[in-house]
Every structure is written in C-alpha cells, then in structure tokens.
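In: dropping the sequence and predicted coords here.
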Amino acid sequence: MDINAAIASERRRIADLVDSLSPAQLEVRSLCGEWTVREVAGHLLAAVSPLPGRQVLGMFVTSGFRLHKANARLAVAVARRPALAADLRALADNRFRAPVVGYPGQLTDLQVHGQDMRRPLGLPHGLDLERVRVSLEFLTGGRALGFTPRRRLAGLHLEATDLSWSWGSGATLAGPAEALMMALTGRRAALADLDGPGVRVLAARLPGR
C-alpha cells in the first residue's frame, strides 16, 4: 500500500464529508471529547496547515504550556475558517511525518477522527478495510503513543469479522474492523458493535462510563 496516497485520500474524504454536512450537523458533538464535528475537522486541518509561529506560541503560553490544551484550542480556532473543506483538500498531499507514530499514526488519526464525525450523525463509514488493517497493526504494534496504552490491550484476543486479521491471546473481542479500531482508541460507543468476553474487559479500561 502507498500509505501517503492513502493519507491523502482520507483527507479528501474528510473534506467531502464537511462539504456534505449542514451547519447544524457540523455543530453536533463528535465522539472526540467536547469537540463538535466541525472542530474535529479543524484539528485534522491544523495538523498540516502552516500557521503563524506567533499564533501557535500565543496559544501555548495562554494554555499554561499544556500541549493537549493548546492543541484543543488550536483545533477550535482553525475550525472557524470559512473554507475548511477547501483547505483540507488543498493540503491533502502534504507529506508531513509525525514523530514517533509516523505515517501509520497519521492514517489512523484520519480514520478514527473521520468516524468521530460520522458515527454521531449515523453515516456509513465507507472505509477501505486494507487501510483499517494498517491502523489495527499500528494500534497493536506497541508504538501507538497517544492512541492506545499498552495496558489497554493486555490479555485480549482481537478478531476482525470482516477482515482476515487477529491479534493477541486471552479474552476474545470480535467484531467489524472499524469498531475494533474505534474501541481500541477509547471510543466507548463502538463497544456495542463488538462481541465476546473481551468486551467487558475492555469496557473496564476505557475512560468514562
């Protein structure tokens, strides 16, 4: 798989999604914390958008030098852009490589956040299962910093029911590859699409109730 082409394709899919939504749909709360659907798109654009150094530094300072808080505020600010979809599309081929997580992490970020946007709106995912396979391998590969803590996976056997893929040993957690990807990244809403004794095990490890 050409992973850069896959990343570019997912950015264009997000742009198409944003273009297709009504103003009310864009303000629906996503599966990613307090962010709206629009703000999730803003986060994905901020990751590759050239921003004034003064703006970034200012947010970092006013966020008390807390990276996570500064990132959240930046996503909200970028989400206000009137040409959000057009800007995502224009930067689709950007080849920025994130440290540690690399290109597999970027592809996973796009696929997971795309579902953070689609699931609350009841929209089909339309994901390429081979791309989801890349994300599942990344999430279980021990280098998914910021995505999936290693302890979350301990004692679980994962099985994708729509893809020839499995991992680990222990309590079985089975279901569609997309639902596995979402559950492994902490989205409790995806647990309803999974089966097996591993559901209860994973549910006890995810944030929130």
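Out: Right, received. Where do you want to start?

In: state the distance from the most centrally placed residue in the chain to Leu88.
Out: Residue closest to the mean C-alpha point of the chain, counted by Cα atoms, centre = their mean, is Val112 at 2.7 Å. In this view, Val112 and Leu88 are 16 Å apart by Cβ to Cβ, to the nearest Å. Quick note: C-beta positions are derived from backbone N, CA and C, even for glycine.

In: can you check Phe138 too?
Out: Distance from Phe138 to Leu88, by Cβ to Cβ: 22 Å.

In: the bottom helix or strand of this structure by mean pLDDT?
Out: helix 53-62 (a mean of 48; mean pLDDT, DSSP states H and E).

In: list the contacts of Val100.
Out: Val100 makes contacts with Arg143, Leu145, as judged by Cβ atoms under 8 Å, 6 or more residues apart in numbering.

In: over to Leu158: give its phi and psi.
Out: Backbone torsions of Leu158, given as degrees, to the nearest 10, read phi -100, psi 140.

In: pull the contacting residues for the nearest residue to it once chain neighbours are set aside.
Out: Counting by Cβ to Cβ, 6 or more residues apart in numbering, Trp167 is the residue found nearest to Leu158 once chain neighbours are left out, at 4.7 Å. By Cβ under 8 Å, 6+ apart, the contact list for Trp167 reads Leu136, Thr140, His157, Leu158.

In: surely the second one is in contact with Leu153?
Out: Right, Thr140. Yes - if you go by Cβ atoms under 8 Å, Thr140 and Leu153 touch, sitting 6.2 Å apart.

In: helix, strand, or coil at Ser166?
Out: When classified by DSSP: H, G, I helix; E, B strand; the rest coil, Ser166 comes out as strand.

In: give me the neighbour count for it.
Out: 14 (other Cβ atoms under 10 Å).

In: could I get the full set of strands for this protein?
Out: Using DSSP state E, the strands of the chain run over 156-160, 165-167, 171-175.

In: between these, which gets nearest to Glu34?
Out: With Cβ to Cβ as the criterion, Glu34 lies closest to strand 171-175 of the strands of the chain, at 27.0 Å.

In: the closest one versus strand 156-160: what angle between them?
Out: 20 degrees (axes from the mean of the first three to the mean of the last three Cα atoms, to 10 degrees).

In: for the remainder of this discussion, apply numbering that starts at 522.
Out: New numbering, starting at 522: the last item is strand 692-696.

In: residue ranges of the helices in the protein, please?
Out: 524-541, 544-547, 558-567, 574-583, 588-600, 605-611, 623-639, 650-660, 671-674, 698-705, 719-724 (DSSP state H).
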